[in-house]
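Asker: Give the three-dimensional model of this entry:
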Amino acid sequence: MRLQSFTYSMSRYEKNNLQAKKSMEKISSGSQVSKASQNPTGVAISETIKAQVRGLERGQRNMQDGLSLLSAADEGLNHVTKQLHRGYELAVMSSNDTLGDEDRKAAQMELDEILDTIDDTANQLEFNTINLFGSDKKFQIAGGASGITMEIVLQKTNVETLGLTNAKLDPVEEARKLFPKIQNAVTQVTGQLTKVGSYYEAIEHELTNANVLEDNLKKGLSLMSDTDVSKEVIQLAISSIRQQADQILIGDTSDIAKGVLAIFK
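Answerer: Okay, here's the model as predicted:
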């Protein structure tokens, strides 16, 4: 009976020792499951969630890049709009018969500079070395959430596409013909600005959704895999107390066993 008690005490000691090691592993690693063998199903689920989180994080960076691209496009289009407004003002001014020849020539020089500026914007405005308005462009923005992909379409915006090639302010008849042309150009650029604004709002909306989804997944992952430190510290203390009690019991049982064995010698 005493020998059986000794065996039982050793077994319980090893069990408590193992429990103490597990608690220490969880506290030191910060994870409830530090090895796949501890919880294969839990590891599979947590790794799937981790992959989703990483995809959402990358998708949010993609969308931030998309917003930066749209900000650059918005700035470029607003610059073109300001140039067109000044061009319209010059056309109105040059339509007046009281304007002198030298004044008309000066207005034409300024208009030529305006048109050159519009072409420079179309040819030189870039985002990450990608020209935005030199030709028609389509950009696919991968959101990373449920395969969401958003499309940005930018149209070529230069003097030719705006219908202002060889725009003249002299003679006065040419200046008056320029009115509707510039108005149409402003309408065209304003339409693009409206689209850019719509794209921006759509991406911001998806970015917010992705951020909320990421937070929820991280919370779920934390509940599933993060160690409850206070709980494990208490469990470690309990295991330590039990180990100490088992050591005392093993010591007493061992002495008794030695005494019994001595009788049979």
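
Asker: so how far is residue 57 from residue 189?
Answerer: Relative to residue 57, residue 189 is positioned 36 Å away (C-beta to C-beta, to the nearest Å). Placement of C-beta: from N, CA and C, glycine included.

Asker: Could you pull up the residues touching residue 87?
Answerer: Listed by C-beta atoms under 8 Å, 6 or more residues apart in numbering, the contact partners of residue 87 are 111, 114, 115, 164, 167, 178, 182.

Asker: could I get the residues you listed as JSON lines with secondary structure, pLDDT and neighbour count?
Answerer: Below are the contacts of residue 87 laid out as JSON lines (DSSP: H, G, I helix; E, B strand; the rest coil; pLDDT from 0 to 100; neighbours: other C-beta atoms under 10 Å):
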{"residue": "111", "secondary structure": "helix", "pLDDT": "97", "neighbour count": "24"}
{"residue": "114", "secondary structure": "helix", "pLDDT": "97", "neighbour count": "21"}
{"residue": "115", "secondary structure": "helix", "pLDDT": "97", "neighbour count": "20"}
{"residue": "164", "secondary structure": "coil", "pLDDT": "97", "neighbour count": "21"}
{"residue": "167", "secondary structure": "coil", "pLDDT": "95", "neighbour count": "23"}
{"residue": "178", "secondary structure": "helix", "pLDDT": "95", "neighbour count": "23"}
{"residue": "182", "secondary structure": "helix", "pLDDT": "97", "neighbour count": "23"}
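
Asker: Present these as CSV; the columns should include distance to residue 81.
Answerer: Converted to CSV, those look like this (distance: C-beta to C-beta, whole Å):
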residue, distance to residue 81
111, 16
114, 12
115, 14
164, 13
167, 16
178, 16
182, 11
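
Asker: Among the residues you listed, which one sits closest to residue 96?
Answerer: Nearest to residue 96 out of those is residue 178 (C-beta to C-beta; 13.5 Å).

Asker: Mind telling me what element the residue nearest to that closest one when sequence neighbours are not counted is part of?
Answerer: Nearest residue to residue 178, sequence neighbours excluded (C-beta to C-beta, 6 or more residues apart in numbering): residue 91, at 4.3 Å. Taking DSSP states H and E as the definition, one finds residue 91 inside helix 40-94.

Asker: what's the average pLDDT for that helix?
Answerer: The average of the pLDDT scores along helix 40-94 is 88.

Asker: the inter-axis angle of the helix or strand hosting residue 191 versus helix 40-94?
Answerer: Using DSSP H and E, residue 191 sits within helix 172-225. Interaxial angle, helix 172-225 versus helix 40-94 (axes from the mean of the first three to the mean of the last three C-alpha atoms, to 10 degrees): 170 degrees.

Asker: residues making contact with stretch 190-210?
Answerer: For stretch 190-210, the external contacting residues (C-beta under 8 Å, 6+ apart) are 56, 59-60, 63-64, 66-67, 70-71, 73-74, 77-78, 81, 141, 143-145, 148, 150, 152-155, 157.

Asker: if you set the cut-off to 7 Å instead, what comes out?
Answerer: Contacts to stretch 190-210, defined as C-beta atoms under 7 Å, 6 or more residues apart in numbering, come from residues 56, 59-60, 63, 66-67, 70, 73-74, 77, 81, 141, 143-145, 148, 150, 152, 155, 157.

Asker: Done for today, thanks.
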